[in-house]
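In: sharing a model that was predicted from the sequence below.
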Amino acid sequence: MEAVTAVSGSAYPWGAKNVDTDVIIPAHWLKTISRQGMGRGAFETVRKDPANLFDDPRYAGSPILIAGDNFGCGSSREHAAWALGDMGVQAVIAPSFSDIFSGNAVKNGIVPVVLPQEAVDRLLEVAKDHPVTVDLETMTVTTPFQDRFVFELDPFRRDCLMRGLDEIGLTLARDTAISKYESAVEETRPWL
């Protein structure tokens with residue numbers, strides 16, 4: 001997982017509420033364990049509309065998605081975070097998230113930013129024509145118009161994102177302690 005300290009650029013000003021994981025990535029895309037190529041299926045049903053936001057050249061490759069309340073509700077599919085990551089999204093800003101989606105997002109290097117609806121509304125307006133910045137060091141979302149919105153994130157999750165540590169990375173960071181413990185067990189319990 002890549003470390004994330006700041007995400008800056010254009011943002012998809014979507015704002016849709018109650019977006020479930022089946023909208024993010026439909027079930028027929030779940031037949032793989034690979035993260036690569038999942039972005040092609042992201043928002044597939046939404047993309048059937050020729051005027052959809054996700055295929056608008058103004059927002060192509062945007063690293064930020066601005067969504068509505070209860071983003072990522074529904075099933076616990078990790079594929080939703082994989083699909084967002086594969087399409088280049090590194091941060092999602094919304095008034096609230098499903099707990100499971102929020103956890104999956106962090107474990108896959110995506111920053112879930114919770115802001116009040118008023119702040120999200122302002123960002124939706126700004127993002128139509130201007131970049132947005134999510135800064136994990138200062139815990140702020142800013143715009144070129146001096147907008148500055150402070151957000152909170154669990155300190156452990158923030159540290160994992162900033163250090164680029166998923167669950168495997170966290171385990172590997174403890175390699176010396178694990179090896180020391182295994183050596184001690186081998187000496188005291190050789191029958192194991």
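Out: That came through fine. On a predicted model such as this, the values are computed, not experimentally measured, just so you know.
In: count the residues that sit near T143.
Out: 18 (other C-beta atoms under 10 Å). C-betas here are computed from N, CA, C, even on glycine.
In: now what about the biggest helix by length in the chain, what contacts it?
Out: Longest helix in the chain, counting residues (DSSP state H): helix 175-188. Contacting residues not belonging to helix 175-188 are listed as 171, 192 [C-beta atoms under 8 Å, 6 or more residues apart in numbering].
In: for it, C-alpha coordinates in PDB please.
Out: Output of helix 175-188 as PDB, limited to C-alpha atoms (Å, rounded to 0.1, in the frame of the first residue of the first chain):
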ATOM      1  CA  ASP A 175       9.000  -9.100  12.000                       C
ATOM      2  CA  THR A 176      11.800  -8.800  14.600                       C
ATOM      3  CA  ALA A 177       9.500  -9.200  17.600                       C
ATOM      4  CA  ILE A 178       7.800 -12.100  15.900                       C
ATOM      5  CA  SER A 179      11.000 -13.900  15.100                       C
ATOM      6  CA  LYS A 180      12.300 -13.400  18.600                       C
ATOM      7  CA  TYR A 181       9.100 -14.800  20.000                       C
ATOM      8  CA  GLU A 182       9.200 -17.800  17.700                       C
ATOM      9  CA  SER A 183      12.900 -18.500  18.600                       C
ATOM     10  CA  ALA A 184      11.900 -18.400  22.300                       C
ATOM     11  CA  VAL A 185       9.000 -20.800  21.800                       C
ATOM     12  CA  GLU A 186      11.300 -23.200  19.800                       C
ATOM     13  CA  GLU A 187      13.700 -23.300  22.800                       C
ATOM     14  CA  THR A 188      11.100 -23.700  25.500                       C
END
